[in-house]
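Participant: Sequence and predicted model, in that order:
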Amino acid sequence: MDQQSHSTYEIAQVCLLAGKIMLENGGETYRVEDTMTRVAHAFGIPDSHSFVTPTGIIFSIDGPEQATRLIRISERSTDLHKVTVVNAISRRISQGELTVKEAYRLLEQIDAASPGYPFWFKVVSAAVASGCFLIMFDGTWLDFIPALLAGGAGLSFLIYFHRLVPIKFFAEFLASLLVGTMAYLLLKIGLGHDLDKIIIGSVMPLVPGLLITNAVRDLMAGHFVSGLSKGAEAFLTAFAIGAGIAFVLSFYNGEGIV
C-alpha cells in the first residue's frame, strides 16, 4: 500500500467514525452526510459520496485510489453532547487545525467516552420533568409528587428492562405498564387525585421527541428512507407506551378509578 492509498484509507476512516458517532447519538441523517463530506473536502478529497440510513453508513471516495467503506449501526441512543463535540472537531478540521491522525485519535476518545450523565442524574431529571409536565398539562400540585415518583421510576424501569431485553419495543411496553400500575397504586393509597394527569406527566420522558423531530427534518431534507424508518420507529415507541398504559387502564376500569 503506497502513501496516497494509505492517506485515502485514513481519511475514509475519520469520516466514517465521525458519522458513526453522530448517528449513534441522535444526529440527523443530512447532518451526518454533510459533516462527512466537509471533513473529506478539508483533507483534500473534493469528490466523496455518502449514503446514510439509521442502520448503516456507506462512504465512497472517487479518484485514482478509490475507496468505499461500509459501517453498521446497531445501537442508537441520545447524547447530543457527543454530536456537538464532533461538529466542533469538524470545524477544526475545516480550519486546518488537525491532521488526519489527530482527528482520528480525538474521535476515538469521544466514541469510547461513557455517556455524559450518570444513571441517577437521568432518573432525577426524568422525575422532575414528569412533575413539571403534570403542571403544564393543567394538573394540580397535589399530584406533583405522584407524577415525580412514577416518572423517575418509569425511566429507571426502561433502562433496566432494555438491558434485560434488547428489543426496545418490549422494554418500552413493560416500562409504561409499570408506570401506569405505579400511578394507580399511588392514587389508591391517597397520594394522588387525577390518574389521567399523573400518567400523562409520567410517560412524557419516555416519548420519542427527538426521534420524531429527526424524522420530520430528514423528510424535509429529502432523505425519505431515513425519515420514514425513523418515523416508523417513533410510531412503534408511541404504540408501545400507549399499549402499556391502555392495558393498565382497562384492567382497573372495573373499579371505577377511571
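Facilitator: Structure received.
Participant: Give me the distance between Ile61 and Arg72.
Facilitator: Here Ile61 is placed at a distance of 19 Å from Arg72 (CB to CB, to the nearest Å). In short, each C-beta sits where N, CA and C put it, glycine included.
Participant: okay, those two: which has more neighbours?
Facilitator: Neighbour count, other CB atoms under 10 Å: between Ile61 and Arg72, Ile61 has more, with 21 against 8.
Participant: tell me the contacts of the more buried one?
Facilitator: With contacts defined as CB atoms under 8 Å, 6 or more residues apart in numbering, Ile61 is in contact with Thr8, Ile11, Ala12, Ala40, Ile45, Asp47, Ser48, Ala67, Thr68.
Participant: What distance do you get for the first one to Pro46?
Facilitator: Thr8 is 13 Å from Pro46, where distance means CB to CB.
Participant: the more surrounded of the two?
Facilitator: Under the criterion of other CB under 10 Å, the comparison of Thr8 against Pro46 puts Thr8 first, with 22 against 10.
Participant: doesn't Ile45 make contact with the more buried one?
Facilitator: Yes - contact criterion CB atoms under 8 Å: Thr8 and Ile45 qualify, at 7.3 Å.
Participant: ok, Gly27 - contacts?
Facilitator: Contacts of Gly27 by CB under 8 Å, 6+ apart are Thr35, Val83, Val86.
Participant: Setting the sequence-adjacent residues aside, check what's closest to the second one.
Facilitator: Right, the one you point to is Val83. Gly27 (4.7 Å; CB to CB, 6 or more residues apart in numbering).
Participant: Now do the helices in the stretch 1-150 of the chain.
Facilitator: Along the stretch 1-150 of the chain, counting by DSSP state H, counting those that start in this stretch, helices occupy 3-24, 29-42, 80-94, 100-112, 119-136, 144-164.
Participant: what about the closest residue to Glu33 other than its chain neighbours, how many neighbours?
Facilitator: Once flanking residues are discounted, Glu33 sits nearest to Ser50: 4.7 Å by CB to CB, 6+ apart. Residues lying near Ser50 (other CB under 10 Å) number 21.
Participant: Where does pLDDT dip in this structure?
Facilitator: Residues of the chain meeting the criterion pLDDT under 70: 1-6, 63-65, 116, 253-258.
Participant: which helix is the longest one in it?
Facilitator: When the chain is parsed with DSSP state H, its longest helix is helix 224-252.
Participant: what's the angle between that one and helix 29-42?
Facilitator: 150 degrees (axes from the mean of the first three to the mean of the last three CA atoms, to 10 degrees).
Participant: Nice, that's everything, thank you.
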